[in-house]
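Undergrad: build me a model from this:
(8 chains)
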8 protein chains.
Amino acid sequence: MTKPYVRLDRDHAAVLLVDHQAGLLSLVRDIDPDKFKNNVLALADAAKYFNLPTILTTSFETGPNGPLVPELKALFPDAPYIARPGQINAWDNEDFVKAVKATGKKQLIIAGVVTEVCVAFPALSALEEGYEVFVITDASGTFNAMTRDAAWERMVAAGAQLMTWFGAACELHRDWRRDIEGLGALFSNHIPDYRNLITAYDTLTTK
Amino acid sequence: MTKPYVRLDRDHAAVLLVDHQAGLLSLVRDIDPDKFKNNVLALADAAKYFNLPTILTTSFETGPNGPLVPELKALFPDAPYIARPGQINAWDNEDFVKAVKATGKKQLIIAGVVTEVCVAFPALSALEEGYEVFVITDASGTFNAMTRDAAWERMVAAGAQLMTWFGAACELHRDWRRDIEGLGALFSNHIPDYRNLITAYDTLTTK
Amino acid sequence: MTKPYVRLDRDHAAVLLVDHQAGLLSLVRDIDPDKFKNNVLALADAAKYFNLPTILTTSFETGPNGPLVPELKALFPDAPYIARPGQINAWDNEDFVKAVKATGKKQLIIAGVVTEVCVAFPALSALEEGYEVFVITDASGTFNAMTRDAAWERMVAAGAQLMTWFGAACELHRDWRRDIEGLGALFSNHIPDYRNLITAYDTLTTK
Amino acid sequence: MTKPYVRLDRDHAAVLLVDHQAGLLSLVRDIDPDKFKNNVLALADAAKYFNLPTILTTSFETGPNGPLVPELKALFPDAPYIARPGQINAWDNEDFVKAVKATGKKQLIIAGVVTEVCVAFPALSALEEGYEVFVITDASGTFNAMTRDAAWERMVAAGAQLMTWFGAACELHRDWRRDIEGLGALFSNHIPDYRNLITAYDTLTTK
Amino acid sequence: MTKPYVRLDRDHAAVLLVDHQAGLLSLVRDIDPDKFKNNVLALADAAKYFNLPTILTTSFETGPNGPLVPELKALFPDAPYIARPGQINAWDNEDFVKAVKATGKKQLIIAGVVTEVCVAFPALSALEEGYEVFVITDASGTFNAMTRDAAWERMVAAGAQLMTWFGAACELHRDWRRDIEGLGALFSNHIPDYRNLITAYDTLTTK
Amino acid sequence: MTKPYVRLDRDHAAVLLVDHQAGLLSLVRDIDPDKFKNNVLALADAAKYFNLPTILTTSFETGPNGPLVPELKALFPDAPYIARPGQINAWDNEDFVKAVKATGKKQLIIAGVVTEVCVAFPALSALEEGYEVFVITDASGTFNAMTRDAAWERMVAAGAQLMTWFGAACELHRDWRRDIEGLGALFSNHIPDYRNLITAYDTLTTK
Amino acid sequence: MTKPYVRLDRDHAAVLLVDHQAGLLSLVRDIDPDKFKNNVLALADAAKYFNLPTILTTSFETGPNGPLVPELKALFPDAPYIARPGQINAWDNEDFVKAVKATGKKQLIIAGVVTEVCVAFPALSALEEGYEVFVITDASGTFNAMTRDAAWERMVAAGAQLMTWFGAACELHRDWRRDIEGLGALFSNHIPDYRNLITAYDTLTTK
Amino acid sequence: MTKPYVRLDRDHAAVLLVDHQAGLLSLVRDIDPDKFKNNVLALADAAKYFNLPTILTTSFETGPNGPLVPELKALFPDAPYIARPGQINAWDNEDFVKAVKATGKKQLIIAGVVTEVCVAFPALSALEEGYEVFVITDASGTFNAMTRDAAWERMVAAGAQLMTWFGAACELHRDWRRDIEGLGALFSNHIPDYRNLITAYDTLTTK
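TA: Residues are numbered from 1 along each chain as shown, chains lettered A, B, ... in the order given. Predicted structure coming up:
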């Protein structure tokens, strides 16, 4: 019995960044803040690097949830930006769904805050409409590990695939020969251990 | 291949609070007591806020298991209250099942103590009868994380969906515009980080 | 879509205790020894209490794996006892399978050391032959949590249900009214928190 | 409803060791280095002991990822060794797939660094082609437990079975009587607790 | 060799609550927010209950650090309230030190956010001036456990005593007979397990 | 610079068991209940075995704190038993201090619930009066690890020595030749791993 | 009894960064790499910000230990840089000690890799010569928490004070009014939660 | 105020390996077995490498405690070997103390099983007699972390210094130039991460 490998493909994937807002980020306690900030920016850099259509959305950004973190806005100045007036599930917002459909992609890479709401709800909605959904777990955060685990179980049961920014980047890139320096820079900027490997390697090979 | 999104709906959901009794609570060690107490009351407040039919039940409350925690009784003075004379699985009690059926709802939100018994047994029974079951994991407690994990696996395999009180409240509310103050108050009362966001926001915007 | 609730039934269940041997127990590090010893004896006491046919088996007990812990032998002096000459999977031993079949039961409650081998192998074999398998996770132990988690995933994917001794006892008993004192004694002997509840209750009600 | 037990068989299994390279190993933080080194060598020793066809592969070994750890090279001097020029998923490398097919085996035992990429990608590809895939979780490592958990979920959903080197060795051996000393030596060399059991046993029985 | 027991005394103690501000609280990650909020309010309630002179102070409350949490302000409407214009160590602020000296107490109970700065700095300064310092560890929070541990070592080496709100309340009360109901209410309001004991006790004894 | 080794001596030591009451035990969450129950009974058995004068005391045992656990009462039927009418620090109770002094011992082995109050307060008082104090940490329990750590720091700074029941038993026994069977039985009854060693040893040496 | 508060003073402090080398960093496993990298750079930025004389040193940087991480070299192009030819304890290197003495400072802020060697050894040597030593614990890393804890105990016993980069920065700055923007930028760059507070604050106050 | 740095010196140090016996090792649960075995052998290799006089001792090795692990016996065939007939504290055994004195060293490096007994007792005795005591924490093991922490506190208060095998080796070696290959081999054999650094370095520099 064979099983199709649902594989991320740079020609078919779009990225949805949901509610990475300055206020909401204070709710995230299942990942350390230094690491979480790095993961979110790494996913954003990867989206940029692979030229994936990217959509930004926020919930109530004029209230306590706070503004989108400025780094994301700066990275994607021309991306569709849907400041939802009230819908908690981004998929309930017509403009958001329109923006998703306008990408023409069938694979959706989703990350956001908080995992069981801002990520899980649109993920479940997108699966219902036939999209292939890849949740970037380490660029999504929530109150605690128990909440995250429950959200993962719900999404997996519905058919979502759980990945991390690094795994997604590797699956999108497929072959180092496409661009060694570009991928190396992405890793060097966001994986301290990898940066150290490169530093040591460069020192020894450029002597 | 599309998948239906089994989504909580305020028009179709009822809440079952099972065996949150003063004695049994001393058995709960997979969640810290301060947090657990807050989660249970948050779920209760959410049930109240969304006007969901709510059913209370206890096991042997005149013995060592102890009485229902008074806060729940006080919140739902008119709710069906089934003090089971002996049945461990609440679903084995005819009055309980009758009360569930009398709500006319097909979605059951279940929480209780202890997870693998008082929650899992009626959850499995309800799934067998065709109900959609949503387990509120963080308002359910048990002896330790290993026991909880095993109970989760069993319930997920049978089709239950794992949620938390916050995720459930968000899925029930759907749109902040329905009532910003009400939902905000619910969150402020039960999520200290959210309360702080509101405090800071209010201070700056009402100056 | 309804789902049948595969429910433990005292009339249809047998218990398999696999390789709880003095030497092998030193390999168990995913559960604290005090707790693990208590869990194993609690399961054994429950098997006794519910009069479930129980089968004991050991692997190479004359070598470094060591003898069966004496408490189990003492509790079940007349139980089938299969000292396997070499088969690692107990189900590969004809005498063991014969003993299982001789019970005439279709539900198998399995616990043992170590989880991913002595429990998982016969569990998978029994599932293959159509038995309903209930793994008592907290009376089964292994090297570390990672190993246990992997074993759980494999067994769940094959259809095993994960339980604990307490959950199993509750599902077998169904109704406190069948015998309050007996079940109470089982819990009092193996759940310190429950014993304290009973102590406090008895003190206040017998004054 | 019976379920076939997909069981490792020494006549049908091959081993794939993917990217255990000196540089990449510094990325592994979900398992302690002493334990991880031991697990990888234990799996290699088991592959050797059971005479399973084994394939070595590396990613970019002349760059920062570094060379294959010398112990593996020394253990399998004649094994196919595919130094991939760029493909991240080993299955995208024709020579690797040819080597796998040349073994004539339908069961693939896979371990590597890092789990969600170097293990998961070829595992998913192999499942797609109808292989039975057994992931050796404790000889595979990655950045942290969260990443590992997500990778496990993805592989399990696709049909992979999660095992450990010890479980795999036990399932391959099946019966101690085939060779007590050989298997005992494998365990003694890689399980300190088991070694101690043997030491104590030998001391007492050879007096 | 005898050692004087430096014991909290309700006649000699004052309470300093330092920088429990809505913004700064989002930095606290060594204690869960539900628990931390409860601990801070419990300490405040205890200070009130024992009529201890209490001093509130904040750092830069008009900036990102945010306002004092409203509950504290409400509990101590007449307490000295020193909104420091810039001094990080509250003891560097003359008004604060004056307020401390005005209490005429030699024992200082200190809690605040974050532990290694807002608590440790004034604690070290107060010790230097000969005060007996009691740090309420569980009503003080900081970035992570490592930071907290380092702060504790520094303060202990300088002679501070580490306590918790519950221990301090017990040492201040000394004898239940002074006021059973008052202390019982304090515990019932802030220790869920204790509340449950009282609930069960009251139910049984008032029947 | 030499340092005197303050060593437990069976001729100079007494044991104080403070407030191991059925209700208070539900507050203990820094040690697992199975383990804690075992530790308390092990300490009691050791006190018995070494014939150390032992004093029992309780706080408010007719209220929610509940009765002394019956096992301790049964083990020491003739020991001084001080049911304190209200004093939180047992040392504030004259009868308790009299009972301590009546033992004529200068070394006090103390354990109780909760650590930072019922143990720490009399420990600090006893140190003040010149006693050598040995806290049995693993037979003392409290709300959480943070609270315990703070209590340890306070007691260590005052000169208390931290031990466990096993270490204390070893220091009191000094030489196995005094009584191999007696000490062996104590260990076998309370250390599952040690029991297994004895089981395996006996099996091999009595063949 | 008063105790002098040994307080960091920007006029009397120098910074020693010991062996933050690309190879050695792969040994650090008691702090997550993302966090550790951030901490080291935060300490360096703080040293720069406060104009503290800073000394860089490395151990065997031409061998496997690898080169100093380039960021540190770039930040302090004119700092004394002692590439030690072999001395493990930097204080055994005359040039290093000369560089320290040349700063004319009596307070030494030390961080390095690994904690129990590269930090502890020069810390103990400096204490012996009468320096006040402040260990920046979170910019120092080692193999695991147990090793770190042992190193901390040794250094504390010898009189070192344990701090973190944030605590040190606060103690050096003393008063926000000296430079709000500068300190705010330091925090914003290295504390994601603080950055979010600033983002939210700026958004609301600049509207 | 200067403080003397009590520094390990290869000319003044002896090593005491206490009760690393096959049976007792099954009691060790505060360190993972793979890591603990490695640490003990690393310490032994270091003792050998630095030619430090080494003393072996066992407790009751003909009983359940089991024989000394064979590797230690093999490494030190000519070392004093004191099989204690009954004394729990090795220092109570005259032959052991004689052997220690015969080394003529004033610095004692101690490791053993279990920490709070076999290590702490002779450590405290040796401190009393004026020796400088260095406990190798990671080559000493016991039941759990709580027990270890209590033992550490007791030993530190008495003046013992806590180290690890790696820190001790570095302090003994002092300067890489004494013997680069020898120390490098010691590290390569016992620190996987260091071995990887060397592998990568050698590969790049010998091309």
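Undergrad: measure the closest residue to A:R84 other than its chain neighbours to chain H for me?
TA: Once flanking residues are discounted, A:R84 sits nearest to A:N93: 4.8 Å by CB to CB, 6 or more residues apart in numbering or on different chains. Quick note: C-beta positions are derived from backbone N, CA and C, even for glycine. Noted for A:N93: a distance of 49 Å to chain H, by CB to the nearest CB, to the nearest Å.
Undergrad: repeat that for A:D179.
TA: In this view, A:D179 and chain H are 23 Å apart by CB to the nearest CB.
Undergrad: now do A:T115
TA: Using CB to the nearest CB, A:T115 is found at 31 Å from chain H.
Undergrad: how many neighbours does the closest residue to that residue other than its chain neighbours have?
TA: If you skip the residues right next to it in sequence, A:T115 has A:T142 as its closest partner in space, 4.1 Å away by CB to CB, 6+ apart. A total of 27 residues lie near A:T142 under the criterion other CB atoms under 10 Å in any protein chain shown.
Undergrad: per-residue pLDDT, A:T142?
TA: With respect to pLDDT, A:T142 scores 98.
Undergrad: okay, now the unreliable bits of chain A?
TA: Along chain A, the parts satisfying pLDDT under 70 run over A:1, A:207.
Undergrad: what are the phi and psi values for the closest residue to A:P85 other than its chain neighbours?
TA: Leaving aside its sequence neighbours, A:P85 sits nearest to B:R177 (CB to CB, 6+ apart; 6.6 Å). Note on B:R177: backbone dihedrals following degrees, to the nearest 10 are phi -70, psi -20.
Undergrad: B:R177 touches A:G86, doesn't it?
TA: Yes. Using CB atoms under 8 Å, B:R177 is in contact with A:G86, at 3.7 Å.
Undergrad: neighbour count: these two, which is higher?
TA: Remark: of B:R177 and A:G86, A:G86 carries more neighbours, 15 against 11, as counted by other CB under 10 Å.
Undergrad: for that one, give its distance to E:E94.
TA: Using CB to CB, to the nearest Å, A:G86 is found at 50 Å from E:E94.
Undergrad: before we move on, what about A:T137?
TA: For A:T137 relative to E:E94 (CB to CB), the value is 51 Å.
Undergrad: who has more neighbours out of the two?
TA: Shown here are A:T137 and E:E94; by other CB under 10 Å, A:T137 has more neighbours (29 against 10).
Undergrad: wait, the more buried one touches A:W165, no?
TA: No. At 9.1 Å, A:T137 does not count as touching A:W165 under the criterion of CB under 8 Å.
Undergrad: wait, a helix at A:E181?
TA: Yes. Using DSSP: H, G, I helix; E, B strand; the rest coil, the assignment for A:E181 is a helix.
Undergrad: starting at the chain centroid, how far to stretch A:97-117?
TA: 9 Å (CA atoms, centre = their mean, to the nearest Å).
Undergrad: now that stretch: buried residues?
TA: Counting neighbours by 16 or more other CB atoms under 10 Å in any protein chain shown, one finds that the buried residues in stretch A:97-117 are A:97, A:99-100, A:103, A:105, A:107-117.
Undergrad: cool, and stretch A:179-189?
TA: Those would be A:183-184, A:186-188, for stretch A:179-189 by 16+ other CB under 10 Å.
Undergrad: which parts of chain A are helices?
TA: A:33-49, A:70-75, A:94-102, A:120-128, A:145-157, A:165-173, A:180-190, A:192-205 (DSSP state H).
Undergrad: the most centrally placed residue in chain A and chain G, how far apart?
TA: The C-alpha lying nearest the average C-alpha coordinate of chain A belongs to A:A111 (CA atoms, centre = their mean; 3.8 Å). Distance check for A:A111 against chain G: by CB to the nearest CB, it reads 16 Å.
Undergrad: one more: A:V133?
TA: In this structure, A:V133 and chain G are 26 Å apart, going by CB to the nearest CB.
Undergrad: who's in contact with that residue?
TA: A:107-108, A:110, A:123, A:126-127, A:155, A:159-161 (CB atoms under 8 Å, 6 or more residues apart in numbering or on different chains).
Undergrad: give the contact list for the residue lying closest to it once chain neighbours are set aside.
TA: When the adjacent residues along the chain are set aside, A:V133 lies closest to A:A160, with 4.5 Å between them (CB to CB, 6+ apart). Residues counted as contacts of A:A160 (CB under 8 Å, 6+ apart) are A:123-124, A:127, A:133-135.
Undergrad: just A:E116 next, same as before
TA: Residues near A:E116 by CB under 8 Å, 6+ apart: A:142, A:147-148, A:150-151, A:154, B:163-164, B:166-167.
Undergrad: out of those, who's nearest chain H?
TA: When the contacts of A:E116 are compared for distance to chain H (CB to the nearest CB), A:R148 wins out at 26.0 Å.
Undergrad: which one of the contacts of A:A160 is nearest to chain D?
TA: Using CB to the nearest CB, the contacts of A:A160 come closest to chain D at A:V135, 8.2 Å.
Undergrad: verify the stated contact: that closest one with A:M155.
TA: Yes. Look at A:V135 against A:M155 with CB under 8 Å: they come within range, at 6.0 Å.
Undergrad: domain-wise, how is chain A divided?
TA: A:13-174, A:176-206 (the TED database).
Undergrad: now do A:G86 against B:R174, distance only.
TA: From A:G86 to B:R174 the distance is 9 Å (CB to CB).
Undergrad: ok, now A:N189?
TA: 39 Å.
Undergrad: and for the closest residue to chain E within chain A, nearest residue in space, chain neighbours not counted?
TA: Taking CB to the nearest CB as the measure, the point where chain A comes nearest chain E is A:S26, at 3.9 Å. Computed as CB to CB, 6+ apart, the closest residue to A:S26 that is not its neighbour in sequence is E:S26, at 3.9 Å.
Undergrad: quick one, what contacts A:F60?
TA: Counting by CB under 8 Å, 6+ apart, A:F60 touches A:84-86, B:176.
Undergrad: and what of A:R154?
TA: Contacts of A:R154 (CB under 8 Å, 6+ apart): A:116, A:120, A:124, B:161-163.
Undergrad: farthest-apart pair in those, please.
TA: A:L124 and B:L162 (13.0 Å; CB to CB).
Undergrad: follow-up on the earlier one: would you turn the contacts of A:V133 into JSON lines with distance to E:L41?
TA: As requested, the contacts of A:V133 are exported to JSON lines (distance: CB to CB, whole Å):
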{"residue": "A:Q107", "distance to E:L41": "48"}
{"residue": "A:L108", "distance to E:L41": "43"}
{"residue": "A:I110", "distance to E:L41": "38"}
{"residue": "A:A123", "distance to E:L41": "37"}
{"residue": "A:A126", "distance to E:L41": "42"}
{"residue": "A:L127", "distance to E:L41": "43"}
{"residue": "A:M155", "distance to E:L41": "36"}
{"residue": "A:G159", "distance to E:L41": "44"}
{"residue": "A:A160", "distance to E:L41": "40"}
{"residue": "A:Q161", "distance to E:L41": "43"}
